[in-house]
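Asks: I'll drop the sequence and a predicted model, then ask my questions.
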Amino acid sequence: MDADVDVIVLGAGPAGENVAGRCADAGLSVIVVERELVGGECSYWGCIPSKTLLRPGEVLAAARRVPGAASAVTGPVDAAAAFARRDWMVGDYSDSSQVPWLVDKGVELVRGTGRLAGPAGRVAVTLLDGTRRVLTASRAVVVATGTRATVPPIPGLADAEPWDNRTATGAWKVPHRLVVLGGGAVGVELAQAFRRLGSAEVTLIEGSPRLLVREEEFVGEQLRAAFEAAGITVRLGSRAVEVRRARTGPDGPAGPVTVTVEPVDPADPADPGEPVERRPRRDAVVADEILVAVGRTPATGDLGLETVGLQPGRFIEVDDRLRAVGVAGDWLYAVGDVCGRALLTHMGKYQARLAADVITGRRDLAGAPVRDLADPAAVPRVTFTDPQVSAVGLTERAAREAGIAVRAVSVPTGSVAGASVRGEEITGTSKIVVDEARRVLVGATFTGPDTQEMVHAATIAIVGEVPLERLWHAVPSFPTVSEVWLRLLEVYG
Ligand SMILES: Cc1cc2nc3c(=O)[nH]c(=O)nc-3n(C[C@H](O)[C@H](O)[C@H](O)COP(=O)(O)OP(=O)(O)OC[C@H]3O[C@@H](n4cnc5c(N)ncnc54)[C@H](O)[C@@H]3O)c2cc1C
Ligand SMILES: NC(=O)c1ccc[n+]([C@@H]2O[C@H](COP(=O)([O-])OP(=O)(O)OC[C@H]3O[C@@H](n4cnc5c(N)ncnc54)[C@H](O)[C@@H]3O)[C@@H](O)[C@H]2O)c1
């Protein structure tokens with residue numbers, strides 16, 4: 001029997017859209033199946049609304065650092081205007097502006113829930129009206145179904161109407177008191193966003209000893225110091241063990257939520273150097289809302305993975321050509337969050353471009369099939385807090401653990417004239433990690449305001465394996481913050 005199309009893509013988030021678009025550009029016929037909105041988590045409940053809600057506070061903080069501008073900042077962030085701007089940025093939760101991009105490329109959009117259905121290339125779709133349609137692809141099926149927020153099995157949590165990234169980024173009110181569970185990227189960004197939007201009390205509870213624990217150690221320390229200076233309570237090495245939402249009756253309105261907090265490891269003696277108020281302890285925090293930001297669960301629980309020999313509910317492991325490991329015939333691919341490599345929009349889009357190139361048989365300059373070179377060695381990541389955290393590649397610790405003999409050097413981000421021109425109290429650290437054998441960068445981290453635009457230079461240096469001797473001739477403009485590159489190379493010697 002003839003197949004319906006060359007390629008079927010499940011999920012039209014950033015990864016799914018891009019694999020579909022690139023396959024269509026190469027002349028293949030493509031169907032993309034989407035059960036919610038074209039654009040996915042990033043456009044409506046992730047990157048875009050969170051950055052939009054952070055931006056007003058960031059601009060006011062930047063102005064307050066500049067004598068001459070600071071005195072003009074006479075009021076707080078206008079939360080209602082910020083929420084209205086958020087609604088505009090997410091297209092009022094309609095994908096009508098995103099669908100034409102797919103249509104223009106000739107991609108057919110099928111609205112419904114897709115499921116793998118046995119033999120290679122077969123997908124069953126439950127359409128929005130409940131009817132069922134079976135589709136077949138002759139070349140490939142690409143899974144790009146993303147993730148959703150993980151809700152851990154903490155007693156009482158699920159019944160306490162917790163916020164997740166969707167509720168928080170879609171909020172129309174600023175809770176007076178907010179508890180944030182998890183100090184990863186979602187937790188730190190949204191804790192700061194709500195504090196600056198006007199929450200009087202924000203308490204962040206993180207199980208690890210640091211915020212953003214996978215970054216360089218100074219990152220977590222600087223972020224904690226900035227948060228505490230801004231009135232956010234940071235409780236590290238702590239976990240919620242029980243959550244209770246007060247109610248005025250069986251159907252009455254929800255009251256405050258009480259979160260019982262404990263040290264992660266009560267047997268672990270508190271660091272005597274740590275001030276008493278910062279040491280993990282058992283007590284209760286009362287708040288109006290609790291935001292759960294402890295990680296992501298892949299949307300593979302009901303995807304028919306068992307019909308192709310894979311285990312449901314897990315990330316789909318892929319090889320460096322984005323083909324699902326353990327599935328014969330090279331027809332099943334996974335890109336974006338669902339493959340678990342790097343849960344970032346730009347990496348999902350990169351994987352999507354690569355998968356499309358593999359499917360269409362594109363070759364690299366040496367004539368070999370294209371493959372993923374960026375995961376995990378050159379993944380750029382920006383956390384849009386103040387101070388911003390902008391990093392790429394390996395941390396010093398990760399490089400050493402990978403057996404690379406490295407030397408790392410750091411300079412204060414505020415040590416160059418470009419930083420002083422931007423304002424007072426520009427703090428932060430810039431650090432490079434150098435593979436001593438090859439004399440090339442394997443990692444870089446920049447903290448400080450507006451470092452987001454500095455990380456791509458480091459990405460190019462890492463991916464291009466530019467020798468340090470050559471980097472010396474890449475002259476940063478004066479007076480820019482990029483002059484930290486010059487300082488770093490001088491310190492390196
Ligand atoms: C609060 C927050 C802020 C973030 N900020 C950033 C940021 O600043 N920068 C960054 O790079 N990343 C950020 N991320 C991460 C980013 O959102 C994800 O990496 C990105 O959305 C992943 O894209 P994806 O296409 O793989 O999956 P998704 O965006 O999750 O899209 C998957 C799509 O598949 C659909 N789908 C699922 N199952 C099915 C099915 N069975 N049938 C049909 N359709 C299905 C879903 O409806 C969805 O539209 C953030 C995440 C959060 C939660
Ligand atoms: N600016 C950005 O690029 C951006 C912003 C937001 C999210 N993201 C992406 O989304 C992904 C998911 O973010 P996330 O923050 O949900 O997950 P995460 O894995 O980055 O962080 C979760 C944090 O929660 C902690 N944690 C887990 N269980 C806990 C518990 N019971 N109590 C207290 N702490 C607990 C973990 O130690 C960890 O620090 C990130 O990996 C990132 O790739 C990116």
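Replies: The structure has been received and is ready for your questions. Ligands and ions are numbered 1, 2, ... in the order given.

Asks: ok, which stretches of the chain are helices?
Replies: Ranges of helices in the chain, per DSSP state H, are 14-25, 40-45, 47-64, 79-89, 99-104, 165-169, 185-197, 217-229, 345-359, 396-401, 417-422, 455-463, 468-471, 484-492.

Asks: now the angle between helix 345-359 and the third one, please.
Replies: Read that as helix 47-64. Per axes from the mean of the first three to the mean of the last three CA atoms, to 10 degrees, the angle that helix 47-64 makes with helix 345-359 is 140 degrees.

Asks: just checking, what packs against helix 47-64?
Replies: Helices and strands touching helix 47-64, by 3 or more CB pairs under 8 Å, 6 or more residues apart in numbering; DSSP states H and E, are helix 79-89, helix 165-169, helix 185-197. C-beta: built from backbone N, CA, C; applies to glycine.

Asks: If we use 10 Å, what do you get?
Replies: With contacts taken as 3 or more CB pairs under 10 Å, 6 or more residues apart in numbering; DSSP states H and E, helix 47-64 sits against helix 40-45, helix 79-89, helix 165-169, helix 185-197, helix 345-359.

Asks: got those as TSV, with distance to residue 438 columns?
Replies: Converted to TSV, those look like this (distance: least, CB to CB, whole Å):
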stretch	distance to residue 438
helix 40-45	35
helix 79-89	43
helix 165-169	39
helix 185-197	30
helix 345-359	24
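
Asks: Ligand 1 is nearest to which of those?
Replies: Ranking the helices and strands packed on helix 47-64 by proximity to ligand 1 (CB to the nearest ligand atom) places helix 40-45 first, at 2.6 Å.

Asks: Would that closest one count as contacting ligand 1?
Replies: Yes: applying CB under 6 Å from any ligand atom, one finds helix 40-45 in contact with ligand 1 at 40, 41, 42.

Asks: Quick check: pLDDT value at the second one.
Replies: If you check residue 41, the pLDDT there is 98.

Asks: what do you get for residue 418?
Replies: As predicted, residue 418 sits at a pLDDT of 94.

Asks: show me what contacts it?
Replies: Residue 418 makes contact with 426, 476, 477, 478, 479, 480, 481, 482, 483, 484, according to CB atoms under 10 Å, 6 or more residues apart in numbering.

Asks: so residue 410 bridges to which residues?
Replies: residue 431 (DSSP bridges).

Asks: Next one: it from ligand 2, what distance?
Replies: Distance, residue 410 to ligand 2, by CB to the nearest ligand atom, to the nearest Å: 22 Å.

Asks: Return the residues in contact with that residue.
Replies: Residues near residue 410 by CB under 10 Å, 6+ apart: 216, 218, 396, 429-433, 445, 484, 487-488, 491.

Asks: residue in this structure nearest to ligand 2?
Replies: The chain approaches ligand 2 most closely through residue 184 (1.9 Å), counting by CB to the nearest ligand atom.

Asks: Surely that residue touches residue 295?
Replies: Yes: applying CB atoms under 10 Å as the test, residue 184 and residue 295 come out as touching, 6.8 Å apart.

Asks: got any residues that touch both of these two?
Replies: residue 343.

Asks: More neighbours: which of the two?
Replies: Using other CB atoms under 10 Å, the more surrounded residue of residue 184 and residue 295 is residue 184, with 19 against 14.

Asks: Many thanks, I have nothing further to ask.
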